[in-house]
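**Q** need a 3D model of the following:
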Amino acid sequence: MVKIKVGHFTPSGRRSVPFRSDLTRMPAAPPEPAPARESIAAAGKVFYIANRPGPAHSQPKNSKGSEMSNELKRIVRSKYRAVWVMAAILMAGQITGCVQLASRYQCVSDAEIYRAADDRDISAPALQEGLACPDSGTVRTALTAAGRIGGEQAVSLIRPSLGHSRDAVREQAAFALGISGHASAVPALESLLASESDGAVRARAFLALGNLGGEQALGILQQALASRPGAVEAAGILQGLGTAFAYRRTGKFDATGLDPEVLLDYLGKRESALPAAFALARAPQLPDWLPEARLIAAWQQVSDQQARAYLARALGQYRSEAVVALLDSASRDSAVNVRIEATRALSRFRDLPEAKMLVMAALDDQEPHVQATALQAIGSLGVTEPEQLQRVEEFLTSESPWLRSLALQAMATIDPARGLALARQWLESGDTEPQRVAIGVLGNMAPAESRRILSAYADSNDAILRQAACSVNRQCPEPQSGPKRWPPAAQLEPLPQRVTLRTSRGDIVIALFEDTPYTSRSIVELARSGYYDGSFFSRVIPNFVAQGGDPVGDGSGSVEFTLREELSARSHRPGTVGLATSGKDTGGAQFFINTAPNLHLDNNYTLFGEVISGLDVAMKLQQGDRILGIE
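**A** Presented below is the predicted three-dimensional model:
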């Protein structure tokens, strides 16, 4: 059951509007509307009238009828003056608030704008009214909605706001263009950058260009980085480059436009170290244009652990003993995420025996996420030594179902006959995670045999075995789903402010964002129905995400509707909660908790909440853990 607290979480505690992420600063306070300035003047006049000298009979007298001393009059007058000053301030504030509130309600409501976005109706009157509203908060909401709808017509609607007088509106317009998905947004952003002076707006425009991608956008980003801008702009450029690299939205990439020394310079600055490391980790053909020695030297200058984790990934593109030696040190770093990425990078060095030994050593790490990464790496490294095989087999009896299943996967790669025999045994274990892996092992190693074995479970009471049986025989019914239809906005109940995930590993409290009303509402409705009770975290990738909400346990569990994306300018930092999808507007019931700064997910996945309690629990989640319920 969901405990409802009316209202919604916003980082500022005020009415939620599209959020300016860590990349930017908050806008300056808006100028007072003219009526408010007049109210201040009126209040000042009241103060003057109350404190001007009056006739003699109006002056206070003592009990004997004589006039009070000048000193006493001064004290009394100063006290009255303080009272009137406070009254003037309060009056001005009340009138200002009323004026702003009245202005707000002269425009369309956020609920109507969000409904237009969810209907993907670019011609909706609510959207047009929102963009023309004098209230900048409403304009920002409408810009986000237009971006969510996307397409060439959306770009045309958004473009005029690039000339708005408010920095925050121009920044939101740049964000909206970045998620519009249309090539015509690139020249619009280029035009903005030609005249824009605000660093936060420029940073958002650069990030939007990276999200759109293409040769023209990449050229703009490379040229901008070469000019060595300030830290705020540089962060947007670097994240934009990394995003374009991550999604291969670069067209024909030419590394000659990137000066590695400029990139390394930003890597050494605290404000830009993380996006610089992200760009390097995602850059194609890195060894072709960045000398190994320069990257190794840069590693020594970086202290931010999240940036070091990205750099460890970048180092995995090189093949040398010097890099292996550095990754050896990184695999023993005090930060778990650095150890994870160092172990992952070492798995690429199949031809170096030292790398294989270091990955085996990671099995002795006390952190299960590091051990899991090592077990995943062992299969690709070709472990063959008897003592190494024995060490892997020890995990077949681990207390962790996740580690047991990964050990089975590793054994199936190293010793197929042994892996196949174990898989057949584990099908009847009743342990979801090993079952899921056993099914995968059977399917990959012996298709004909797996069909014979798994077909016997077509009528099993075990959902994961039934799913496997229909999958191998290609008899699973196609999921029937379409966009979820909602009642009119006025008929929707207020959403709870937060929800609590009761998991088998502990409680996680998530605050829901107001500007993702349909995603948040769907999660709440499913929770009320009991859909999540007993469901699984079916996909956990160390130093990436923990994905939950699957009632089957193999990742196939879903609902009979899809949710449209509600993208925002928030960043996927650790603890933020997003909706899992398999393409645009394909969200359902499964969600993920970010366990790392996943900058490439920004502007591409809906974030509907943030962990405000129990982040330590979320960081320890393992594949196969359960959601006991959501309150």
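**Q** what about the strands in this structure?
**A** Counting by DSSP state E, the chain has these strands, from start to end: 482-483, 498-503, 506-512, 535-536, 539-541, 545-548, 561-562, 576-579, 591-594, 607-613, 626-630.
**Q** for V437, which non-adjacent residue is closest in space?
**A** What sits nearest to V437 in space, not counting adjacent residues and going by Cβ to Cβ, 6 or more residues apart in numbering, is S405, at 3.9 Å. In this view, the C-beta of every residue, glycine as well, is placed from N, C-alpha and C.
**Q** quick one: pLDDT of the one you found?
**A** Looking at S405, its pLDDT reads 90.
**Q** hang on, isn't it packed against T432?
**A** No: proximity of S405 to T432 does not meet the contact threshold set by Cβ atoms under 8 Å, at 9.4 Å.
**Q** R159: which of the strands of the chain is closest?
**A** Nearest of those to R159, taken as Cβ to Cβ: strand 607-613 at 25.8 Å.
**Q** one step back: can you report how many residues lie near the residue nearest to V437?
**A** As a burial measure, the neighbour count of S405 was computed by other Cβ atoms under 10 Å and equals 28.
**Q** please apply the same query to the one 5 residues further on.
**A** Neighbour count for A410, taken as other Cβ under 10 Å: 25.
**Q** same question, the one 10 residues further on
**A** For L420, the number of neighbouring residues by other Cβ under 10 Å comes to 20.
**Q** state the pLDDT value of the nearest residue to it once chain neighbours are set aside.
**A** Across the structure, with Cβ to Cβ, 6+ apart as the measure, the residue nearest L420 apart from its sequence neighbours is M445 (5.5 Å). At M445 the predicted local confidence, pLDDT, stands at 70.
**Q** related to what we said a few turns ago, so what sits against both of S405 and T432?
**A** Here S405 and T432 share the contacting residues G624, scored by Cβ atoms under 8 Å, 6 or more residues apart in numbering.
**Q** output the below-cut-off pLDDT ranges for the stretch 301-450 of the chain.
**A** 446 (pLDDT under 70).
**Q** which residues in it form helices?
**A** Secondary structure of the stretch 301-450 of the chain (DSSP state H, counting those that start in this stretch): helices located at 305-315, 321-330, 336-346, 353-362, 368-381, 386-394, 401-414, 416-426, 432-445, 447-455.
**Q** in TSV, list the ones you listed along with distance to T581.
**A** Compiled in TSV, the helices of the stretch 301-450 of the chain are given as follows (distance: least, Cβ to Cβ, whole Å):
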stretch	distance to T581
helix 305-315	24
helix 321-330	33
helix 336-346	24
helix 353-362	32
helix 368-381	24
helix 386-394	35
helix 401-414	24
helix 416-426	31
helix 432-445	21
helix 447-455	28
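**Q** which of those sits most buried?
**A** Scoring the helices of the stretch 301-450 of the chain by mean neighbour count under mean count of other Cβ atoms under 10 Å gives helix 336-346 as the most buried, with a mean of 27.
**Q** quick check: angle from that helix to helix 305-315?
**A** Direction vectors for helix 336-346 and helix 305-315, defined by axes from the mean of the first three to the mean of the last three Cα atoms, to 10 degrees, enclose an angle of 0 degrees.
**Q** what packs against helix 336-346?
**A** The helices and strands touching helix 336-346, judged by 3 or more Cβ pairs under 8 Å, 6 or more residues apart in numbering; DSSP states H and E, are helix 305-315, helix 321-330, helix 353-362, helix 368-381.
**Q** nearest to N598, of the ones you listed?
**A** Closest to N598 of the helices and strands packed on helix 336-346, according to Cβ to Cβ: helix 305-315, at 10.5 Å.
**Q** what angle separates that closest one from helix 321-330?
**A** Comparing the axes of helix 305-315 and helix 321-330 via the same axes, to 10 degrees yields an angle of 150 degrees.
**Q** so what does helix 305-315 touch, helix or strand wise?
**A** Against helix 305-315 (3+ Cβ pairs under 8 Å, 6+ apart) you get helix 273-282, helix 292-299, helix 321-330, helix 336-346.
**Q** run the chain-centre distance for the third one.
**A** Taking the mean of its C-alpha atoms, helix 321-330 sits 31 Å from the chain's own mean (Cα atoms, centre = their mean, to the nearest Å).
**Q** quick one: list the elements packing against it.
**A** Helix 321-330 sits against helix 292-299, helix 305-315, helix 336-346, helix 353-362, with contacts defined as 3+ Cβ pairs under 8 Å, 6+ apart.
**Q** residues in contact with it?
**A** By Cβ under 8 Å, 6+ apart, the surrounding residues in contact with helix 321-330 are 292-293, 296, 299, 308, 312, 315-316, 338-339, 341-342, 345-346, 349, 352, 354-355, 358.
**Q** closest one to D110 among the helices and strands packed on helix 305-315?
**A** helix 273-282 (30.9 Å).
**Q** so what touches the closest one?
**A** With Cβ under 8 Å, 6+ apart as the contact definition, helix 273-282 has outside contacts at 234-236, 238-239, 241-243, 245-246, 263-264, 266-267, 286, 290, 295, 302, 304, 306-311, 313-314, 597, 599-600.
**Q** what's the answer for stretch 295-303, then?
**A** Under the criterion Cβ under 8 Å, 6+ apart, external residues in contact with stretch 295-303 comprise 264, 267-268, 273, 277, 280, 286, 308, 311, 314-315, 318, 322-323, 326.
**Q** show me the shaky parts of the chain.
**A** Segments of the chain classed as low confidence (criterion: pLDDT under 70) are 1-106, 446, 472-475, 478-480, 490.
**Q** can we see that at 50?
**A** Where the chain drops to pLDDT under 50, the residues are 1-68, 72, 75-76, 85, 95-96, 98-104.
**Q** which residues of the stretch 101-250 of the chain fall in helices?
**A** In order along the chain, the stretch 101-250 of the chain carries the following helices (DSSP H, counting those that start in this stretch): 110-118, 125-132, 136-149, 152-158, 167-178, 185-195, 199-212, 215-226, 231-246.
**Q** now do the stretch 451-600 of the chain
**A** When secondary structure is read from DSSP H, counting those that start in this stretch, the stretch 451-600 of the chain shows helices at 463-472, 517-529.
**Q** and the first one, which residues are buried?
**A** Put plainly, it is helix 463-472. Across helix 463-472, burial judged by 16 or more other Cβ atoms under 10 Å covers 464-469, 471-472.
**Q** same deal with the longest one?
**A** Neighbour-count burial for helix 517-529, with 16+ other Cβ under 10 Å as criterion, is recorded at 517-524, 526-527.
**Q** save those as a markdown table, and put in distance to L225 too.
**A** Converted to a markdown table, those look like this (distance: Cβ to Cβ, whole Å):
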| residue | distance to L225 |
| --- | --- |
| P517 | 38 |
| Y518 | 38 |
| T519 | 35 |
| S520 | 37 |
| R521 | 41 |
| S522 | 40 |
| I523 | 39 |
| V524 | 43 |
| L526 | 44 |
| A527 | 45 |
